[in-house]
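Chemist: Generate coordinates for the sequence data below:
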Amino acid sequence: MSGSAGTGGKAGPAGTTQTGQALARLEAAVERLALAAAKPRAPAAPGEGVSRAQVQAIADRLDETIARLRSALGEEDA
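Modeler: Modelled structure (predicted):
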């Protein structure tokens, strides 16, 4: 997920753009999330771990963030 750092926004240092820098940070964050999600984990003991409600809340926040990003970039819902 790289190679898009020069798209849109105001020019910054070394010819990069604010939008490109933000995109690069977002791509790095998504990569870290993917790596963390792929790590094997031992099953949680009863009463430990994350509840389904917490997982749903995180998923909702991610969906809202993606929708805001698409709106900012002028993309339609995919």
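
Chemist: what's around residue 23, how many residues?
Modeler: Residue 23 has 21 neighbours, counted by other C-beta atoms under 10 Å. From N, CA and C alone the C-beta is placed, and that goes for glycine too.

Chemist: got the CA positions of the strand or helix carrying it in CSV?
Modeler: Element membership for residue 23 (DSSP states H and E) is helix 18-38. The C-alpha trace of helix 18-38 is given here as CSV (Å, rounded to 0.1, in the frame of the first residue of the first chain):
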residue,chain,number,x,y,z
GLN,A,18,-0.3,17.2,3.2
THR,A,19,-2.8,14.7,1.7
GLY,A,20,0.0,12.4,0.6
GLN,A,21,1.5,12.5,4.0
ALA,A,22,-1.8,11.8,5.7
LEU,A,23,-2.4,8.9,3.2
ALA,A,24,1.0,7.4,4.0
ARG,A,25,0.2,7.6,7.8
LEU,A,26,-3.2,6.0,7.2
GLU,A,27,-1.6,3.2,5.1
ALA,A,28,1.0,2.6,7.8
ALA,A,29,-1.7,2.4,10.5
VAL,A,30,-3.8,-0.1,8.4
GLU,A,31,-0.7,-2.2,7.9
ARG,A,32,0.0,-2.2,11.7
LEU,A,33,-3.7,-3.2,12.3
ALA,A,34,-3.4,-6.0,9.8
LEU,A,35,-0.2,-7.3,11.4
ALA,A,36,-1.7,-7.2,14.9
ALA,A,37,-4.9,-9.0,13.7
ALA,A,38,-2.9,-11.7,12.0
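
Chemist: Tell me the helix or strand right after it.
Modeler: Per DSSP H and E, the helix or strand that comes after helix 18-38 is helix 52-73.

Chemist: Show me what counts as buried in that next one.
Modeler: When burial is assessed from 16 or more other C-beta atoms under 10 Å, helix 52-73 yields no buried residues.

Chemist: quick one: that helix to helix 18-38, angle?
Modeler: Per axes from the mean of the first three to the mean of the last three C-alpha atoms, to 10 degrees, the angle that helix 52-73 makes with helix 18-38 is 160 degrees.

Chemist: Now do helix 52-73: which elements does it pack against?
Modeler: Contact partners of helix 52-73 among helices and strands, from 3 or more C-beta pairs under 8 Å, 6 or more residues apart in numbering; DSSP states H and E: none.
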